[in-house]
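Engineer: I'd like to go over a predicted model; first the sequence, then the structure.
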Amino acid sequence: MKIRARSKAMNRTESGASPPFGNRPSGSRACPLGVLLVAVWLAGSTVSIFAFAVGCATSASTRPAPSGESVNSGVSDRSVNPGVSDRSVNPGVSDRSVNPGINDRYKSAEGRAKAIAIFEDPERGSFQAPEEIVKHLGLKQGDVVADVGAGTGYMEPFLLPAIGPTGKVFAEDITPEFLERLKQKVAQNDWTRVETVLGTETDTNLPRACCDVALAVDAYHHFERPGPMLAAIRGNLRPGGRLVIVDFYRKPNEVFDKLKIDYAKHIRLDMDDVVKEIEGFGFQHLDTQQFLKLQYYVAFTPKPQ
C-alpha cells in the first residue's frame, strides 16, 4: 500500500500537478520533502535487507548439525579416555603440563648440583637395585636401549654388559649439565656404545624405531608433559619394543624423608594410575614386578595401530 501511494504521488508530480506537500520556490536547490522521504524509505529497505542477510547467516551457523556431523569440522570435544579428566583428544599432541614446576629446581646451578649429588649417592644402590632392574629387562646381546631421563648416567654401567659389544645405549636427558657430566664418564670409561642425546619436555629427540627397550628409572614423575613424551617414545621403539617404568610409590619413604621431599607433591601418580595413564596414551600393559623396596617396575608395549 505504501509503495502504490508513493508511486501515485510521484506520477502526479511528473505530470505537472502540484507536489502533494506544496510548491517550492523556483530555482531553489533545496531537496523536496517527498524526495527526502523516498530516500529514507530506500535506506530503510537497505537496512532491512542487511538485517535479513545477517539473520540468515546467523541461523545457518547455529543450526543443529546432522547426526554424526561436527558443527566445527576437525574440532571435537570427545574424550579419548572417558573418566580421565583433561585428556588430549589426540594422545601425544597436547603439551598440557600435568605437574607444573616439577623440574624448576634444575634451572638453578644450586638445584642441579643437589640433583647430581642425589643421582650419584653411593647409598642409592641400596634401594635402586640396578642389577635386579637389568635382570628383569631380559636384555640380549646387540639390543639397543634408550635410557630416558638418564641424568648423569647411573644405569649405564649396568646396561652395557647386558647388551654386549654390539649393543648400544642412547642416554637421553633434558638438562645439558647432566649430560655434560655423563659425557665425562663416557670418555673416562671408554663407553663407545653410549650416545648422549639432549631431549626436551615433549620429545626424546631420538631416531625413529631406534631401540628395543625404552627405560625410565626415577624419571616418569618428571614427565611434565607425558602425552607428547609417550608419543615420542612410541615412535622410538622398534616393532615389539618395550617401555619400562621404574618409579617411586606415592607414599612416604626414607629417601624422601632424608631429602625433605614432600612425596605427595613430588610423586603425581601411584603405580595403578601410572598404568592407566600410559595405557590411555596408546600402550598395552605387559607386566608388573614389585621386587624393589620403594619402587615398582611396570612394562608396556605399543598397542597395534
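Structural biologist: All right, it came through fine. Residues are numbered from 1 along each chain as shown.

Engineer: any chance you could read off phi and psi for the closest residue to Glu131 other than its chain neighbours?
Structural biologist: In space, Glu131 comes closest to Phe158 once its chain neighbours are excluded; the distance is 6.0 Å by Cβ to Cβ, 6 or more residues apart in numbering. From N, CA and C alone the C-beta is placed, and that goes for glycine too. The main-chain torsion angles of Phe158 are listed as degrees, to the nearest 10 and equal phi -90, psi -30.

Engineer: Might one say that Phe158 is in contact with Glu132?
Structural biologist: No. With contact taken as Cβ atoms under 8 Å, Phe158 and Glu132 are classed as non-touching, separated by 9.6 Å.

Engineer: more crowded one of these two?
Structural biologist: More neighbours surround Phe158 than the other of Phe158 and Glu132, with 18 against 14 (other Cβ atoms under 10 Å).

Engineer: ok, now which ones touch that one?
Structural biologist: Counting by Cβ atoms under 8 Å, 6 or more residues apart in numbering, Phe158 makes contact with Pro130, Glu131, Ile133, Val134.

Engineer: Give me the buried entries from those residues.
Structural biologist: Among the contacts of Phe158, those that count as buried by neighbour count (16 or more other Cβ atoms under 10 Å) are Pro130, Ile133, Val134.

Engineer: Filter the residues you listed down to just the ones in helices.
Structural biologist: Of those, the ones assigned to helices by DSSP state H are Pro130, Ile133, Val134.

Engineer: Quick check: which ranges of this protein have low pLDDT?
Structural biologist: Along the chain, the model assigns pLDDT under 70 to residues 1-94.

Engineer: What are the boundaries of the helices in it?
Structural biologist: When secondary structure is read from DSSP H, the chain shows helices at 2-14, 33-62, 109-119, 125-128, 130-137, 156-163, 176-189, 226-236, 254-259, 263-266, 271-280.

Engineer: Mind listing what's buried along the fourth one?
Structural biologist: Okay, so that is helix 125-128. Under the neighbour-count criterion of 16+ other Cβ under 10 Å, helix 125-128 has Gln128 buried.

Engineer: And the ones in helices among the buried ones among the contacts of Phe158, which is closest to Phe248?
Structural biologist: Ile133 (13.8 Å; Cβ to Cβ).

Engineer: Show the contacting residues for Val116.
Structural biologist: To be clear, residue 116 is Ile; Val isn't right here. Taking Cβ under 8 Å, 6+ apart as the criterion, Ile116 is in contact with Gly151, Thr152, Glu177, Phe178, Arg181.

Engineer: Now the first one. Nearest residue, chain neighbours left out?
Structural biologist: Using Cβ to Cβ, 6+ apart and skipping the chain neighbours, the partner closest in space to Gly151 is Phe119 (4.5 Å).

Engineer: Domains in the chain, by residue range?
Structural biologist: 2-19+31-56, 104-302 (automatic domain parsing).

Engineer: ok so, going back, ok, of the buried ones among the contacts of Phe158, which one's closest to Phe300?
Structural biologist: Nearest to Phe300 among these is Ile133, at 15.5 Å by Cβ to Cβ.

Engineer: so the closest one makes contact with Val246?
Structural biologist: Yes. Counting by Cβ under 8 Å, Ile133 does reach Val246; the two are 5.9 Å apart.

Engineer: what do those two both touch?
Structural biologist: When contacts are counted by Cβ under 8 Å, 6+ apart, Ile133 and Val246 have Leu215, Val217, Leu292, Tyr297 as shared neighbours.

Engineer: now the second one, which residues is it bridged with?
Structural biologist: On the basis of DSSP bridges, Val217 takes part in beta bridges with Val246.

Engineer: Enumerate every residue touching it.
Structural biologist: Taking Cβ under 8 Å, 6+ apart as the criterion, Val217 is in contact with Gln128, Pro130, Ile133, Asp147, Gly149, Tyr154, Met155, Val246, Asp247.
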